[in-house]
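**Q** requesting a structural model of the entry that follows:
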Amino acid sequence: MINKIARSMADALADVRDGSTVMIGGFGTAGIPNELIDGLIAQGARDLTVVNNNAGNGETGLAALLKAGRVRKVICSFPRQVDSQVFDGLYRSGKLELELVPQGNLAERIRAAGAGIGAFFSPTGYGTELAKHADGSPKETREIHGRHYVLEMPIHADLALIKAERGDRWGNLTYRKAARNFGPVMAMAARKTVATVHEVVELGALDPEAIVTPGIHVHQIVLIDRVATQAGGVK
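**A** Reported below is the predicted structural model:
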């Protein structure tokens with residue numbers, strides 16, 4: 001019998017290895033899997049590469065993971081915000097690497113990994129510093145129908161941590177409004193996906209037309225109590 005509901009947060013994250021690439025869902029403060037991030041901190045994996053829309057807010061969630069010294073590199077679109085002091089301090093002191101990726105390219109690089117696309121050409125970044133690799137060497141470019149493009153590579157991950165709303169024991173997921181954001185494409189791009197849900201329903205209770213992430217892309221689900229989550233200030 002297929003049952004992807006984890007017995008505990010620790011069980012769901014027990015096999016995360018040092019040096020892993022971890023995708024973490026969320027857009028601004030919507031859909032951040034804070035409980036999974038806290039579980040990853042407790043699990044102890046180090047030297048991580050984190051793929052996220054931003055680089056953390058305040059000192060909770062992703063910022064707490066950075067502060068714990070577990071992250072070697074961040075791949076994101078918006079590293080600096082008014083409350084990104086943890087990232088700022090680590091980056092300015094040379095303790096954290098950054099790969100800055102325009103948001104559309106970030107989403108498409110993740111989607112490409114899940115779709116099995118080897119690479120793609122994007123016009124975004126052509127003629128700028130973003131058209132270079134981390135070592136300063138130029139990325140491949142090409143002119144197509146009179147427009148210039150930059151070759152971008154897919155982003156694969158060892159683990160995706162996402163926040164969903166409802167799920168069943170097969171791993172099918174639905175989301176709440178803007179909490180959907182990067183979760184669906186990240187679930188497809190990772191070797192293992194762990195999702196939190198606020199409700200586990202019986203098989204067949206989810207309308208097939210409303211299922212956003214099919215269970216084939218989800219490996220384990222962790223049930224999170226909504227009251228406790230709201231008490232902790234997480235939306």
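**Q** against residue 112, how distant is the residue lying closest to residue 118 once chain neighbours are set aside?
**A** Among residues not flanking residue 118 along the chain, residue 154 sits closest, at 7.3 Å (Cβ to Cβ, 6 or more residues apart in numbering). Just so you know, the C-beta spots here come from the backbone N, C-alpha and C atoms, and that holds for glycine as well. Distance, residue 154 to residue 112, using Cβ to Cβ, to the nearest Å: 4 Å.
**Q** between those two, which contacts overlap?
**A** Counting by Cβ atoms under 8 Å, 6 or more residues apart in numbering, the contacts common to residue 154 and residue 112 are 118-119.
**Q** read off the pLDDT value for residue 96.
**A** At residue 96, the pLDDT value in this model is 96.
**Q** distance of the residue at the greatest distance from the centre of the chain from residue 183?
**A** Residue distances from the centre of the chain (Cα atoms, centre = their mean) peak at residue 146, which lies 34.7 Å from the mean C-alpha position. Note on residue 146: its distance to residue 183, by Cβ to Cβ, is 37 Å.
**Q** mind jotting down where the helices sit in the protein?
**A** Using DSSP state H, the helices of the chain run over residues 9-13, 34-43, 62-67, 85-92, 103-115, 183-189, 226-231.
**Q** need the nearest residue in space to residue 32, chain neighbours excluded.
**A** Excluding its sequence neighbours, the residue lying closest to residue 32 (Cβ to Cβ, 6+ apart) is residue 26, at 3.7 Å.
**Q** where are the low-confidence patches of the protein?
**A** 227-235 (pLDDT under 70).
**Q** let me see the ranges of the strands in it.
**A** Here the chain has its strands, by DSSP state E, at 21-24, 48-51, 71-76, 97-100, 120-122, 141-144, 147-152, 157-163, 166-167, 173-174, 190-197, 199-200, 220-223.
**Q** could those strands go into TSV alongside mean neighbour count and distance to residue 12?
**A** Converted to TSV, the strands of the chain look like this (neighbours: other Cβ atoms under 10 Å; distance: least, Cβ to Cβ, whole Å):
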stretch	mean neighbour count	distance to residue 12
strand 21-24	26	13
strand 48-51	24	16
strand 71-76	20	20
strand 97-100	15	27
strand 120-122	17	32
strand 141-144	11	42
strand 147-152	17	31
strand 157-163	27	9
strand 166-167	22	13
strand 173-174	24	15
strand 190-197	24	5
strand 199-200	14	14
strand 220-223	21	5
